[in-house]
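Asker: the sequence isn't on hand, but the structure is:
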């Protein structure tokens with residue numbers, strides 16, 4: 001098994017470059033491209049307003065009193081999670097961006113200062129407690145919080161998540177945790193800016209270079225290796241993974257790529 005893993009290390013660069021196929025590019029004027037959901041809706045941020053455009057029309061959500069929108073989690077298009085770090089608040093909106101529920105963490109009996117908040121499913125949020133520097137699960141129905149990680153000593157840059165796993169990008173590594181509170185793995189990743197994750201795929205961005213890590217099956221793992229050639233000549237602003245598509249936004253266009261499982 002060790003020799004097999006060493007072989008994968010040598011060939012992962014070549015394999016990773018074969019996983020992306022360009023589909024198309026569409027223009028977009030936005031400050032932040034959030035992503036596309038499973039119903040082909042596009043979400044983006046412009047002038048502190050969240051926009052959603054797609055087959056059912058155009059929708060917006062705005063509340064300037066909350067401050068700038070820090071993140072929007074669209075993995076469940078029927079329950080979008082909006083996080084406003086400046087006011088320590090999470091807003092849940094429906095598929096037309098109508099507000100359903102608002103959680104002001106400043107007013108909770110058990111106050112917590114958030115650095116990030118993401119959808120964990122089943123009335124739960126992945127949250128980063130910046131007072132303790134720990135990843136937690138918060139059930140906003142019963143108010144229970146479950147500590148997932150030990151204190152993280154490095155700067156936490158971003159969370160990438162689904163309903164089963166949460167990846168924590170720090171200034172030095174990418175750490176993986178599951179919904180049961182188990183630490184699963186850690187990859188050295190110093191100096192990375194962004195990550196995007198779905199199922200077995202993990203993409204990371206550093207110095208406008210895209211890197212791939214993939215668990216293709218229990219015995220085959222592509223290590224974190226650069227995609228070659230580079231994806232875009234223009235600086236990459238945002239990236240998102242959904243339904244085996246990788247979307248890259250360069251400030252002018254959304255570039256759409258399909259993911260293909262490499263041949264062994």
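Answerer: Right, received. Where do you want to start? Worth saying up front: this structure is predicted, and the values here are computed from it rather than measured. Numbers count the residues shown, from 1 in each chain.
Asker: and residue 157, how close does it get to residue 124?
Answerer: According to C-beta to C-beta, to the nearest Å, residue 157 stands 22 Å off from residue 124. From N, CA and C alone the C-beta is placed, and that goes for glycine too.
Asker: please apply the same query to residue 190.
Answerer: Distance, residue 190 to residue 124, using C-beta to C-beta: 31 Å.
Asker: in stretch 40-52, what counts as buried?
Answerer: For stretch 40-52, a neighbour-count test (16 or more other C-beta atoms under 10 Å) marks 41-45, 50-52 as buried.
Asker: hang on, residue 235 packs against residue 250?
Answerer: Yes. If you go by C-beta atoms under 8 Å, residue 235 and residue 250 touch, sitting 6.5 Å apart.
Asker: so between these two, which is more surrounded?
Answerer: Each of residue 235 and residue 250 has its neighbours counted (other C-beta atoms under 10 Å); residue 250 has more, 20 against 10.
Asker: need the contact list for the more buried one.
Answerer: Contacts here follow C-beta atoms under 8 Å, 6 or more residues apart in numbering; on that basis residue 250 touches 232, 234-237.
Asker: who wins for neighbours among those?
Answerer: residue 236 (19 neighbours).
Asker: for that one, helix, strand, or coil?
Answerer: Put simply, residue 236 is coil when judged by DSSP: H, G, I helix; E, B strand; the rest coil.
Asker: any low-confidence regions in the protein?
Answerer: Residues of the chain meeting the criterion pLDDT under 70: 1-18, 216-223, 229-230, 232, 261-264.
Asker: tell me where it has helices.
Answerer: Using DSSP state H, the helices assigned to the chain run over residues 2-16.
Asker: center of it - which residue?
Answerer: The centroid of the chain falls nearest to residue 160 when counting by C-alpha atoms, centre = their mean (3.3 Å).
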